[in-house]
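Engineer: Here you go, sequence then predicted model.
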Amino acid sequence: MYKKRRLDNGLRVIIHRMPRMQSVALGIWIKVGGRYEGARIKGIAHYLEHLLFKGSRRYSCRKIKESIEGVGGYLNGFTSEEFTCYLAKLPHQHLFRALDVLSDMVLEPLLLESEIEKERTVILEEIKMHRDLPQSYVYELLDELLWPNHPLGQSVTGTKESVSNIKRKDLLQFKRRYYTCTNMVIAASGLLDENEFFKRIEEKFSPLDAGSLSRFQAAQENQSHPKLKIFSKETEQTHLALGFRALRRDHPLRHALGLLHIILGGNMSSRLFNAVREKRGLAYEIGTQIKYFQDTGVFLVHAGIDNRRVEETIKLILEELHRCKTKLVSADEFRRAKDFYLGQLMLALEDTLDHMLWIGEYTAALDKTYSLEEIIKELEAVKFSDLQELAYQIFKEENLNLALIGPLPEEKKNSLSGLLRLK
């Protein structure tokens, strides 16, 4: 299903040909992100990602955008805790135009001093914007609780202090260290000529040195009691993020965790949506989310709730989590969760961009790509008891972290702390 090659310098290439599509998606993945940074240069991976769109040896900033958007394409990039990715989706006949642009951005960026200073201001505004959005900033507060004094507990965008002090030499050094063929994956999905694509990749990337593998600081797992962080702000509703450290990206029970997520808060049929919104009208937005990393992960509940009924909502959420530990899910609920899990994956993999993101991330992270058939087989092997076992393993009182943003006075902290029980 997937065609893979590894060049002599360590560069990995993976292709999924979708002959019925008229588009193609291309991504250059670098195995580096926020968790690879020290406090002094926090946000440098994200800063560098911005700057690569500001001009390269053969393409000006304007030409980079026009080359892709001028043929009806989509161009973007993102930085996460563990990856940086530069991507494009466009009509299939323009694939090699996208490859020229993205490869020149990654291999030959100009990193002009004038652009560095200009983009510094842009990123500082981005940091302020996120802080002004409580539905976004509450996740940063939760990360600080989950990973204190650790890169995972610090924003990918960095801080005002760190971004203000990053110099051009820091950016060049960071790029030389991490933007190497050993840390790089090129993924493509859609209508394309596989042999010609591999040939073009070899021409552009074979002369490069291998470099060395990225290393990161291991996650900390030493929490001994529930933790609460309140950011007092005059908002129309209270924003909640409640999280537990969970499973690493390749954990054998990751599909069971996906089903637990769906049952608890993954859609409008979920328990939390029904209990919190439909039955009691306590929130408009309520759901769950999973984050996977190389060595750990997070299971979290997020909600925007009525300011007058914060305590009631927290109690209700914790009751639903505890119920997963004491009672098996029903056969009907279990089957619907499996069908939803598989159906959502199948719908996503019909899209060339989503399919590229799927194969690119797994190849970059694990040097492995799962086929849909493998996922189906693994999903069918998940048992009722696996979900209860995971709930016992993850939903522990001492592992509980709660971040809140809203008009909550400091004296409210003691009463809210007293609610953090899972019994």
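Structural biologist: Nice, thanks for sending it over. Remember, predicted model here, so these are calculated numbers, not experimental data.

Engineer: Show me this structure divided up by domain.
Structural biologist: The chain resolves into domains spanning 3-205, 227-417 when parsed by automatic domain parsing.

Engineer: end-to-end on stretch 397-416?
Structural biologist: In terms of Cα to Cα, to the nearest Å, the two terminal residues of stretch 397-416 are separated by 14 Å.

Engineer: should've said stretch 179-199
Structural biologist: So stretch 179-199: terminal residues 21 Å apart, Cα to Cα.

Engineer: Which positions within that stretch qualify as buried?
Structural biologist: Within stretch 179-199, the residues scored as buried using 16 or more other Cβ atoms under 10 Å are 179-192, 197-198. No exception for glycine: its C-beta is placed from N, CA and C like everyone else's.

Engineer: So which of those residues is the closest to His251?
Structural biologist: Val185 (21.5 Å; Cβ to Cβ).

Engineer: sorry, back to before: which one of the domains of the chain lies closest to Gln220?
Structural biologist: Per Cβ to Cβ, nearest to Gln220 of the domains of the chain: domain 3-205, 5.6 Å.

Engineer: Now find how far off-centre that closest one is within its chain.
Structural biologist: From the chain centre to the centre of domain 3-205 is a distance of 14 Å (Cα atoms, centre = their mean, to the nearest Å).

Engineer: so for it, what's the average pLDDT?
Structural biologist: On average, the pLDDT along domain 3-205 is 97.

Engineer: For the stretch 1-150 of the chain, just list every one of the strands.
Structural biologist: With strands called from DSSP state E, counting those that start in this stretch, the stretch 1-150 of the chain shows them at 3-6, 12-17, 23-30, 74-79, 84-91.

Engineer: any chance of those in JSON lines, with mean neighbour count too?
Structural biologist: Converted to JSON lines, the strands of the stretch 1-150 of the chain look like this (neighbours: other Cβ atoms under 10 Å):
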{"stretch": "strand 3-6", "mean neighbour count": "14"}
{"stretch": "strand 12-17", "mean neighbour count": "21"}
{"stretch": "strand 23-30", "mean neighbour count": "26"}
{"stretch": "strand 74-79", "mean neighbour count": "17"}
{"stretch": "strand 84-91", "mean neighbour count": "22"}
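
Engineer: Just put the ones you listed in JSON lines and tack on distance to Asn222.
Structural biologist: Listed next are these as JSON lines, based on distance: least, Cβ to Cβ, whole Å:
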{"stretch": "strand 3-6", "distance to Asn222": "38"}
{"stretch": "strand 12-17", "distance to Asn222": "35"}
{"stretch": "strand 23-30", "distance to Asn222": "30"}
{"stretch": "strand 74-79", "distance to Asn222": "28"}
{"stretch": "strand 84-91", "distance to Asn222": "29"}
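
Engineer: Could you export the domains of the chain to TSV, including columns for distance to Ala218?
Structural biologist: Listed next are the domains of the chain as TSV, based on distance: least, Cβ to Cβ, whole Å:
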stretch	distance to Ala218
domain 3-205	9
domain 227-417	6
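
Engineer: Of all the ones you listed, which one is nearest Gln217?
Structural biologist: Here domain 3-205 is closest among these (Cβ to Cβ), at 6.1 Å.

Engineer: buried ones in stretch 288-304?
Structural biologist: For stretch 288-304, a neighbour-count test (16+ other Cβ under 10 Å) marks 288, 290-294, 296-304 as buried.

Engineer: out of those residues, who's nearest His16?
Structural biologist: Checking the buried residues of stretch 288-304 against His16 by Cβ to Cβ gives Tyr292 as the nearest, at 21.1 Å.

Engineer: So what's the residue count around the closest residue to the closest one other than its chain neighbours?
Structural biologist: Sequence neighbours aside, Arg249 is the residue nearest to Tyr292 in space, at 4.1 Å (criterion: Cβ to Cβ, 6 or more residues apart in numbering). Arg249: 17 surrounding residues under other Cβ atoms under 10 Å.
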